[in-house]
Structure formats: C-alpha cells, structure tokens
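Participant: Here you go, sequence then predicted model.
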Amino acid sequence: MGERALIVIDMLNDFVLEGAPLEVPAARRVVPEIRREIDKARRTGVPVIYVCDSHQPDDHEFRRFNWPPHAVKGTEGAKVVEDLKPLESEYVIEKTTYSGFYNTKLQALLEGLGVKRLRLTGCVTHICVLFTASDAVLRGYDVEVVKDAVAGLDPDDHEAGLRIMKNVLGATIV
Ligand code: ZN
C-alpha cells in the first residue's frame, strides 16, 4: 500500500504487435522503458495497475469512432504483451472506452489502495492516456506522465497530447 501507482494503459497485442489491427508502431519503442518502470515499481512496492481495452465483438466503439475491431474480450489480442505481462498479484482493470475511469472499478481500486498519485505509461498518448489523465485530474489525483513511456499514433498528436496534459490538466511530464 502506498500513495503512488504505476498505470500501464493498453499495452495489448492488438495495439503493439506488428500488423496488429490497431497497430501503434511507436508502442513497440516504449516497451523497454515501460519494462523499467514496472521493474522499479515492483522493487519499491508501488502497485502496478494495468488498464486494458476489453470490447465485445460488436462494441459500439467500433461503429461510433470507426476504429477497426480490436481487443475483443477473451482473445489473444486483448492480452498485455508478453514482455510487460502482469503478475498474478497485480491489478487488471478492463475498460470499454478511452478513459480508464469510465464504467470501471479503477477509482474504487485506487481508493482501496490509498493511491493519490498516478504515473501514466502506455498508449495512445492523445487518446486513452489523455482521457484517463483528464478523468484522474478531475477526480483529484495528481498525474505524472512518463514521456518516454507513452506512445502516439503520430508525432504531432503525441506532442499535442503531452501539451494538453501539461498545460490544461497540470500533469507533470517526466
Ligand atoms: Zn478500444
């Protein structure tokens, strides 16, 4: 139990692997940095919380936002990539849209752990990382974003996402 938690967002096969349905090529480049973050958290007793897309096959997200089907619950694609996979004892929060807080148990989990400060890693910078950061800040959490451990779909959106988190949400970019 501590007041910080490391959050790993959507580092799933369907986003990270080459040729994946919603491939975020930059996500492969941040795997080693996230690995280091996870190792450090585990060593220092900081809880590691995985926040992961988990969609129904006909999820409205695929129609409404025109994303190709991805991270369908129960498939290989919805699993965390091998190099970053959670320990048995760690937390996996399934989400169905951009924010890790929307219709999930994340807030209850954080309250149970006494966590006040979130350190965000994962993908995509201007989508799930940004919307999770926003919901976190609106709920009173302090947010840090590890810039070398978040990945964007393209460099401009990535930079814009970081800028919004810093300037609008008051997140600390580390
Ligand atoms: Zn999704």
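Facilitator: Noted; the coordinates are in hand.

Participant: can you give me the strands for this protein?
Facilitator: 4-9, 48-53, 91-95, 117-123, 142-151, 172-173 (DSSP state E).

Participant: Need the ones you listed in a markdown table (columns: mean pLDDT).
Facilitator: Shown next, in a markdown table, are these (pLDDT from 0 to 100):
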| stretch | mean pLDDT |
| --- | --- |
| strand 4-9 | 98 |
| strand 48-53 | 98 |
| strand 91-95 | 98 |
| strand 117-123 | 98 |
| strand 142-151 | 98 |
| strand 172-173 | 98 |
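
Participant: Generate JSON lines for the ones you listed, with distance to A27 and mean neighbour count as supplementary columns.
Facilitator: C-betas here are computed from N, CA, C, even on glycine. Conversion of the strands of the chain to JSON lines gives the following (distance: least, Cβ to Cβ, whole Å; neighbours: other Cβ atoms under 10 Å):
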{"stretch": "strand 4-9", "distance to A27": "10", "mean neighbour count": "25"}
{"stretch": "strand 48-53", "distance to A27": "13", "mean neighbour count": "24"}
{"stretch": "strand 91-95", "distance to A27": "17", "mean neighbour count": "19"}
{"stretch": "strand 117-123", "distance to A27": "5", "mean neighbour count": "25"}
{"stretch": "strand 142-151", "distance to A27": "4", "mean neighbour count": "21"}
{"stretch": "strand 172-173", "distance to A27": "18", "mean neighbour count": "14"}
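
Participant: Could you point out which of those strands sits nearest N66?
Facilitator: The stretch from the strands of the chain with the least distance to N66 (Cβ to Cβ) is strand 48-53; that distance is 15.5 Å.

Participant: From the contact counts, what lies against the closest one?
Facilitator: Under the contact definition 3 or more Cβ pairs under 8 Å, 6 or more residues apart in numbering; DSSP states H and E, strand 48-53 sits against strand 4-9, helix 25-44, strand 91-95, helix 106-113.

Participant: Now do the last one: which elements does it pack against?
Facilitator: Right, helix 106-113. Under the contact criterion of 3+ Cβ pairs under 8 Å, 6+ apart, helix 106-113 touches strand 48-53, strand 91-95.
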